[in-house]
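*Asks:* Quick one, fold the following:
(one chain, ligands or ions: 1)
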Amino acid sequence: MKVINVAGARPNFVKIASLVKAMKGVPAIDQVLVHTGQHYDQSMSEQFFDDLEIPRPDINLNVGSGSHAAQTAEIMKRFEPVAAEIRPDLVVLVGDVNSTLACALTAKKIGVDVAHVEAGLRSFDRTMPEEINRVVTDAIADLHFITEESALGNLQREGISPEKIFFVGNVMIDSLLAHREKAERSSIRTRLALNGDSDRYALVTLHRPSNVDEPAVLEGLLRTLDSLAARVAVVFPVHPRTQHSIEANGLRESLKSPGLRIVDPLGYLDFLHLMSHASLVITDSGGIQEETTVLGVPCLTVRHNTERPVTTEQGTNRLVGNDPRKLLEAALGILDGRRKNYTTPKFWDGRAAERIISVLLDQYGPADLRNRARGEPIAAGSNGQRFE
Ligand code: UD1
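*Replies:* Numbering: from 1, shown residues only. A predicted model of the protein is given here:
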């Protein structure tokens, strides 16, 4: 069977890595890796291919940045001839970025099936560009691979047949577990002079438009980080969107505490190392809510909602919104020892890619590999659980 795997933006690389590697070991799968070029800086793209040892993309569409419409349209225009020429049995899409949506629309319109990995997550906030990408991609996808049980109800409410839904676990966690040992050898804490007396630090990422595009909101958050840095070292790798907003709005001087380590975006291994050893993580990223849950590190999410409720119900995640006072109070509470009990969500065990491939072979593979009749439930815990 012929598969096109697509990745475009930073979190996509972490997700596609485990799929690309697992597919390499399956002779029945002929895969092509397409990079849309949505993210292109060395630190946002190439560094992730190096750290995660992903083979270089077979095709790079080099779309670059733009408005949502311009970027989505450009990806569609450039992906269409590629998909039409390769004529795969299936396009595999991960996550919820513009590249995910653009390639889903393109593939379906030329009659190619689409599998969506990380389907069914919903924040129920349609001001988030990612929520639009999720809803539209899921509405047209042929196979839905889900990471947590909330996604099942969400998809069913939107009329997706349970036959198309497979509970397989989390490919991002596959990558985390596969690289944890290597990340442990990173020297990033020494490079950032974090091996001080207490060895404690908070790790921060912020890049959601709702937090960084509005100057007053961003300024409030930056001042909170500055206050927190009076108590504990704060490491803040700054996403390009946030960097642009800080510069454009003259907010550099909000960040003056000597406890702050403001750095450029970090590679996967350095970031995983920092996350694993942090006293606390403050973020608005989706993936980091999941990664901290598996690492058992307290996470404060600077949002009012999450599309990943399992991380708050079972994991270490807590939603704090973007009120600076509440954020500081919650952060200080954690530093004073307030911690949640947590468990690792079901199937977040490093075997999600394996389960996905098993389903793909079952549905699209050569006849002799379709060893299960269509509709037969797949054993939970080994090959992915089918909801029927
Ligand atoms: C995108 C995703 C978001 C994801 C995030 C992870 C969408 C709608 N958003 O947001 O879901 O959480 O990636 O990082 O797909 N830029 C650079 N260099 C790069 C890439 C971007 O400087 O390599 C700058 C450009 O000025 C660009 C801006 O960052 O305009 C935003 O990039 P874009 O890909 O549009 O959105 P992100 O905020 O990165």
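*Asks:* Show me what the helix or strand containing residue 281 is packed up against.
*Replies:* In this assignment (DSSP states H and E), residue 281 forms part of strand 280-283. If you count contacts as 3 or more Cβ pairs under 8 Å, 6 or more residues apart in numbering; DSSP states H and E, strand 280-283 packs onto strand 201-205, helix 286-295, strand 299-301, helix 324-335. Quick note: C-beta positions are derived from backbone N, CA and C, even for glycine.
*Asks:* Pick the most buried one from the ones you listed.
*Replies:* Between the helices and strands packed on strand 280-283, strand 299-301 has the highest mean count of neighbours, a mean of 27, where neighbours are mean count of other Cβ atoms under 10 Å.
*Asks:* Summarise which helices and strands it is packed against.
*Replies:* Counting contacts by 3+ Cβ pairs under 8 Å, 6+ apart, strand 299-301 is packed against strand 280-283, helix 286-295, strand 317-319, helix 324-335.
*Asks:* mind running it again at 6 Å?
*Replies:* Using 3 or more Cβ pairs under 6 Å, 6 or more residues apart in numbering; DSSP states H and E as the contact test, the elements touching strand 299-301 are helix 286-295, strand 317-319.
*Asks:* so which of the ones you listed comes closest to the ligand?
*Replies:* helix 286-295 (6.5 Å; Cβ to the nearest ligand atom).
*Asks:* That closest one to strand 201-205, inter-axis angle?
*Replies:* Inter-element angle recorded for helix 286-295 and strand 201-205: 150 degrees (by axes from the mean of the first three to the mean of the last three Cα atoms, to 10 degrees).
*Asks:* now helix 286-295, how far from the centre of its chain.
*Replies:* Distance of helix 286-295 from the chain centroid (Cα atoms, centre = their mean, to the nearest Å) equals 9 Å.
*Asks:* How about stretch 102-113?
*Replies:* Distance, stretch centre to chain centre, for stretch 102-113: 22 Å (Cα atoms, centre = their mean).
*Asks:* Establish whether it and the ligand are in contact.
*Replies:* No. Counting by Cβ under 6 Å from any ligand atom, the ligand has no neighbours in stretch 102-113; the shortest distance is 9.4 Å.
*Asks:* quick one: contacts of that stretch?
*Replies:* Contacts to stretch 102-113, defined as Cβ atoms under 6 Å, 6 or more residues apart in numbering, come from residues 6, 72, 75-76, 79-80, 83-84, 90-91, 93, 114, 137, 140, 142.
*Asks:* let's see it at 8 Å
*Replies:* The contact list for stretch 102-113 (Cβ atoms under 8 Å, 6 or more residues apart in numbering) reads 4, 6, 34, 36, 71-73, 75-76, 79-80, 83-84, 87-91, 93, 114, 116, 136-137, 140-143, 364.
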